[in-house]
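Asks: Sequence first, then the predicted structure:
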Amino acid sequence: MSTATLVPVFAALGDETRWSILAALGEGDASASALAERLPVTRQAIAKHLAVLAEVGLVEPVRVGREVRYRVLGSELSATAARLDAVGREWERRLAAIKEIAEGL
């Protein structure tokens, strides 16, 4: 996952409502209407947030009869988390090197 790919993902995740939607979908697939019943947001707003999350590849719509339910794409969330973990490990390595130099003085 490139930095260019991460920027829109982080932009999408920068909204508290979208975090709430992802958390709700983490419990299971749900329609925009079902999410609107659980969250203090209108169905239309939920639909817009779902469109943003789908555009960056974090959720996907699944048709179940006449209803469209959304599911979280765990592989995309895992790829994002792995990229963040790699950045964290690099910073830990750098800080350990600085500490080693400082202790040697």
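Replies: Ah, there it is. Numbers count the residues shown, from 1 in each chain.
Asks: Residue 32 touches residue 68, doesn't it?
Replies: Yes - in this structure residue 32 lies within contact range of residue 68 using CB atoms under 8 Å: 7.5 Å. (C-beta placed from N, C-alpha, C; glycine too.)
Asks: Those two: which has the busier surroundings?
Replies: residue 32 (24 against 14; other CB atoms under 10 Å).
Asks: Contact partners for that one?
Replies: 43, 46, 47, 50, 68, 70 (CB atoms under 8 Å, 6 or more residues apart in numbering).
Asks: mind listing which of those residues are in helices?
Replies: 43, 46, 47, 50 (DSSP state H).
Asks: before we move on, the earlier item: which among the contacts of residue 32 end up buried?
Replies: 46, 47, 50, 70 (16 or more other CB atoms under 10 Å).
Asks: Just send those back as CSV, with distance to residue 101 and pLDDT too.
Replies: Output for these, formatted as CSV (distance: CB to CB, whole Å; pLDDT from 0 to 100):
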residue, distance to residue 101, pLDDT
46, 52, 97
47, 54, 96
50, 49, 97
70, 50, 97
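Asks: Nothing else from me, thank you.
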